[in-house]
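Please work out how this folds:
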Amino acid sequence: MSFLEKIKLFNSNLQIIDEAFEYLIPQVSKKKEGQFFTPRSVVDMVIKMLNPKANEIVVDPACGSAGFLLHSVMWVAGGVITGKELPLSARNFAQNNITGIDFASKAVKIAKAINLIVGDGKSHVYKANSLAPDTWDDETKAGLRPRLSRFPANPEKDRENQKNFTHFDFDVLMTNPPFAGTVKQREILRIYELAEKNGRLVRKIGRHILFLNRSLQFISPGGRMAIVLPQGLLNNTSLEYIRRWIIRDARILAVVGLHVNTFKPHTGTKTSVLFLQKYTDKEKQESEKVRAEYEVKWQDFIGRLKDQYQTVNWNTEVNEEKIPEELKSFIEIHFETNEDSETSERTEQANDESVRESENYNLEEKEPFLAEEITKLEETLKKKLRELSSADSGESKKALAREIQALRTTLSKISQEASERTLGGRIHLSLNEQRTCEEFKRFWIENNVFKKIDYPIFFAVNLKPVKDNTGEYRYRKGPNGEFILDKNGHPLIIHDLNEIADDFIKFAKEKEFDFWRD
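Just a heads-up that it's a prediction; the model follows:
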C-alpha cells in the first residue's frame, strides 16, 4: 500500500489506464473485434473541438475504458482530475450527464470502476451491444429509457420508440467504434438505413458503418458528434452512398485525418475523425422546401432524357462521353459492384468467374452465356407464339400459354441482369425501371439540394504523430535527453493535435457554430 500511495492515477491524462487495459485485452480480440483504444491526445482534441458543456448529456456507445467520458469530466472541471472533490458543476456532470455502453466485459468493468470513483459513487456504464437494442437487459433499458426521444405529435412513433429503443436525445456523442468485423444478422441489419444499398438489404456490412448510423440515432436534432472511422469510408467511390446519407441527416463540421501510426502497434489502418451536427427540425424543413422545388422540376428533366434515349437498351452501343453528367454520375454510383448485396445466383456466378472487369463493356464479349441465353429464349418465344396461333385444341392452347408466360418471365429476369451489366442497359433501367428510376430521382434531387445548402467544412491532417512506427509514444525531450514534463509532472507527447483543435475553434467562431459562440 505504501508503494501504491505514490502512484498518481487521476492527476494524469489517464494514459496509464489505457495501457493497463490494452494489456488485459488479448491480441486475438484486438484483431477480431478491432478494439484499439484511442490515444488520449486524440481524445483531448475531439473534446476540445466539440466543447461539451456542464449541462449537456454525453454518450459513448463504444466506450472502452471510458476515455471520452472521463476526459469530458476533466474538460468541464477545467483541468485534470486530482482525486480531490470536483467543482460542483463537474461533479453533477460526472454523476448524471455521462453514459457509456460497450459489449466487452473487461472494458465495462474498468470503465465502471473509474466512473464510480470520479462520479462519487454513481455509474452510467452498461454492458450491451449498442447496435442490437432488442438484446439489452433490463438494467440497460432502465438506465437509458429516460434518454429516449419523445414524439408527442406522433403517438405511434413514440410508442414504437419506447418499445424498440431506437432514437435518443443525447447532446454530444464521441466514440471510436470497433474497426474490424462485420454484422450479418438480418434482425440487426433491418434496423439501419445504411444496411440497404440500391433498394436491397446487404448480406453483411462493416460494424463501424452501422455504428455511424447508430450514432446519429443517439443524438437529438442539433446534437453534435465525433466518430473515428477508417479513412476509406470517406473517399472510396463505392461508399459514396454512405456519404450522401450523412449529408441528408447532418452537417459535416470537420474531418481530421489521423496519422497512420495513431493505432500502432495493433493496426496501421489510416483513420479520420468525422465531426457532425445533426440537422435541427427547422433546418430539415428548409431542406424539404428545396426538395419540393426540385420535385416539380424532375418531370421536365426526366422527360428530356427519355426522349433522348428512348431507343436505348442493353444491346445498344452508347457514346459515354455524350451522356449528361447527372445521369453518368448516377450510373457510376448506383451500379457499382457490391459483393455484399443480395444478388441472384447467376450474378454471384458471374462475380465468382471474375467476368466483371470494367464498368462498361460489350455483353457479348464479357457475358456470352447471358447474350446467348437471351437469343435462345427470344427464338423459343417466337416459336411458341407461332405454335399458339396454329393450335387447334383448347388444352394445347392453355399449355402453350403457360409455357409462353414462363418464357417471358425468364426472359425479363435475364434481360434485367443483362441491362445491369451494359451501359445502354443501365441507361434504360435508370429511365424506365421503376425502382432504379426512383433512385435516380432521389439522387438528382439530392444533388440540387446539396448545392443549395452548400457550406464550408474544416479539414485538417495530423502531420506530427503521437506514436512512432513501432507504436511507442513520442515524448518531448530536453538537450540532455531528459523528458520535458507538463505542470502536473507528466511527460509531454509530441503531436500537433492541439494546434488542429485551436484552428477549428477559430473556424467555428467565425462561422458562428452555436456550441462555440462567445
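
longest single strand anywhere in this protein?
strand 219-230 (DSSP state E).

contact partners of the helix or strand just after it?
Next helix or strand after strand 219-230 toward the C-terminus (DSSP states H and E): helix 232-235. The contact list for helix 232-235 (CB atoms under 8 Å, 6 or more residues apart in numbering) reads 208-209, 212, 239, 242-243, 255, 270, 272, 274. Using the backbone N, CA and C atoms, a C-beta is placed for each residue, glycine as well.

Check pLDDT for these and point me to the minimum.
pLDDT across the contacts of helix 232-235 is at its lowest for Leu239, which sits at 85.

Number of residues surrounding it?
Residues lying near Leu239 (other CB atoms under 10 Å) number 19.

Repeat that for Glu387.
Using other CB under 10 Å: Glu387 sits among 15 other residues.

Could you do Leu492 as well?
13.

same deal with Tyr279?
Neighbours of Tyr279 using other CB under 10 Å come to 20.

Against Glu156, how distant is it?
Per CB to CB, to the nearest Å, Tyr279 is found 23 Å from Glu156.

cool, Lys398 as well?
Distance from Lys398 to Glu156, by CB to CB: 48 Å.

Compare those two and say which one has the larger neighbour count.
Lys398 (11 against 8).

Tell me where the stretch 251-400 of the chain has strands.
Along the stretch 251-400 of the chain, the segments classed as strands by DSSP state E, counting those that start in this stretch run 271-278.

likewise the stretch 51-200 of the chain?
58-60, 98-102, 125-127, 170-175, 182-183, 196-197, 200-201.

which neighbours does the first one have in its sheet, and in what orientation?
Paired strands of strand 58-60, with direction, are strand 98-102 (parallel), strand 170-175 (parallel) (DSSP bridges).

and Lys413, how many neighbours does it have?
12.

Make 50 the first number, not 1, from now on.
Taking 50 as the first residue, the last one we looked at is Lys462.

Report all helices and strands that whatever helix or strand it lives in contacts.
For Lys462, the host element (DSSP H and E) is helix 443-469. When contacts are defined as 3 or more CB pairs under 8 Å, 6 or more residues apart in numbering; DSSP states H and E, helix 443-469 packs onto helix 394-401, helix 417-439, helix 472-481.

any chance of the ones you listed in TSV, with mean pLDDT too?
Compiled in TSV, the helices and strands packed on helix 443-469 are given as follows (pLDDT from 0 to 100):
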stretch	mean pLDDT
helix 394-401	35
helix 417-439	76
helix 472-481	91
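
Mind jotting down where the helices sit in the stretch 450-567 of the chain?
With DSSP state H, counting those that start in this stretch as the criterion, the stretch 450-567 of the chain has helices at 472-481, 483-501, 546-559.

angle of the shortest one against helix 443-469?
Per axes from the mean of the first three to the mean of the last three CA atoms, to 10 degrees, the angle that helix 472-481 makes with helix 443-469 is 110 degrees.

Comparing the helices of the stretch 450-567 of the chain, which comes out most buried?
helix 472-481 (a mean of 22; mean count of other CB atoms under 10 Å).

Find the least confident helix or strand in the protein, judged by mean pLDDT.
Sorting the helices and strands of the chain by mean pLDDT, DSSP states H and E puts helix 394-401 at the bottom, at a mean of 35.

which residues of the stretch 250-399 of the chain score low on pLDDT?
Along the stretch 250-399 of the chain, segments meeting pLDDT under 70 span 385-399.

how does it look with 80?
The stretch 250-399 of the chain contains residues with pLDDT under 80 at 286-287, 315, 385-399.

about what we covered before: would a markdown table of the strands of the stretch 100-249 of the chain with distance to Pro88 be doable?
Shown next, in a markdown table, are the strands of the stretch 100-249 of the chain (distance: least, CB to CB, whole Å):
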| stretch | distance to Pro88 |
| --- | --- |
| strand 107-109 | 16 |
| strand 147-151 | 18 |
| strand 174-176 | 21 |
| strand 219-224 | 14 |
| strand 231-232 | 26 |
| strand 245-246 | 33 |
| strand 249-250 | 36 |
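
Redo these as a markdown table? Include mean neighbour count and distance to Ile476.
Below are the strands of the stretch 100-249 of the chain laid out as a markdown table (neighbours: other CB atoms under 10 Å; distance: least, CB to CB, whole Å):
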| stretch | mean neighbour count | distance to Ile476 |
| --- | --- | --- |
| strand 107-109 | 27 | 46 |
| strand 147-151 | 26 | 46 |
| strand 174-176 | 23 | 51 |
| strand 219-224 | 25 | 42 |
| strand 231-232 | 18 | 33 |
| strand 245-246 | 18 | 20 |
| strand 249-250 | 14 | 20 |
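
Out of the ones you listed, which is closest to Asn529?
Nearest to Asn529, of all those, is strand 219-224, at 38.6 Å by CB to CB.

Can you check the pLDDT for the residue nearest to Ala126 when sequence neighbours are not counted?
Among residues not flanking Ala126 along the chain, Ala139 sits closest, at 3.7 Å (CB to CB, 6 or more residues apart in numbering). Per-residue confidence (pLDDT) for Ala139: 89.

Phe70 now?
For Phe70, the model assigns a pLDDT of 58.

next one: the one 10 residues further on
In this model, Lys80 is scored at 49, pLDDT.

Equivalent analysis for Arg457, please.
For Arg457, pLDDT reads 81.

quick one, which of the helices and strands packed on helix 443-469 is packed in tightest?
Of those, helix 472-481 is the most buried (mean count of other CB under 10 Å), at a mean of 22.

helices or strands next to that one in the packing?
helix 330-357, helix 374-383, helix 443-469, helix 483-501.

The ones you listed: which one's closest to Ala244?
helix 483-501 (16.3 Å).

what's the spacing between the closest one and its chain's center?
20 Å (CA atoms, centre = their mean, to the nearest Å).

Got the domain ranges for the protein?
53-335+502-565, 342-501 (automatic domain parsing).

winner for burial among the ones you listed?
Scoring the domains of the chain by mean count of other CB under 10 Å, the most buried comes out as domain 53-335+502-565, with a mean of 18.

Roughly how far does Asp109 sit from Val498?
For Asp109, the distance to Val498 - CB to CB - is 32 Å.

Over to Lys462?
35 Å.

could the helices and strands packed on helix 443-469 go into JSON lines alongside distance to Asn213?
Shown next, in JSON lines, are these (distance: least, CB to CB, whole Å):
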{"stretch": "helix 394-401", "distance to Asn213": "33"}
{"stretch": "helix 417-439", "distance to Asn213": "43"}
{"stretch": "helix 472-481", "distance to Asn213": "35"}
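
so which of the ones you listed comes closest to Leu546?
Nearest to Leu546, of the helices and strands packed on helix 443-469 and by CB to CB, is helix 394-401 at 42.1 Å.

still on that earlier bit, nearest approach to Ser198 belongs to which of the helices of the stretch 450-567 of the chain?
Of all the helices of the stretch 450-567 of the chain, helix 483-501 comes closest under CB to CB, at 24.5 Å.

So which residues make contact with the closest one?
Under CB under 8 Å, 6+ apart, the answer for helix 483-501 is 247-248, 293, 296-297, 336, 339-340, 343-344, 347, 350-351, 375-376, 378-379, 382-383, 478-480.

one more time with 6 Å
Here helix 483-501 makes contact (CB atoms under 6 Å, 6 or more residues apart in numbering) with 248, 336, 339-340, 343, 347, 375, 379, 383, 478-479.

Present those residues as TSV; the columns should include distance to Phe152.
Output for the contacts of helix 483-501, formatted as TSV (distance: CB to CB, whole Å):
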residue	distance to Phe152
Gly248	31
Ser336	35
Val339	40
Arg340	38
Tyr343	42
Trp347	44
Glu375	43
Phe379	38
His383	34
Leu478	41
Ser479	41
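
and the two most separated of those?
Farthest pair in those, by CB to CB: Ser336 and Leu478, 28.0 Å.

Could you double-check that Pro88 sits in contact with Val515?
Yes: counting by CB atoms under 6 Å, Pro88 touches Val515, with 4.9 Å between them.

Alpha carbons of the strand or helix carrying Ser90, as CSV, please.
Using DSSP H and E, Ser90 maps to helix 89-99. Output of helix 89-99 as CSV, limited to C-alpha atoms (Å, rounded to 0.1, in the frame of the first residue of the first chain):
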residue,chain,number,x,y,z
ARG,A,89,-5.6,10.5,-25.0
SER,A,90,-4.1,13.2,-27.2
VAL,A,91,-6.8,12.4,-29.8
VAL,A,92,-9.5,12.2,-27.1
ASP,A,93,-8.5,15.7,-25.9
MET,A,94,-8.5,17.1,-29.4
VAL,A,95,-12.1,15.8,-30.0
ILE,A,96,-13.4,17.1,-26.7
LYS,A,97,-11.7,20.5,-27.2
MET,A,98,-13.4,20.8,-30.6
LEU,A,99,-16.9,19.7,-29.5
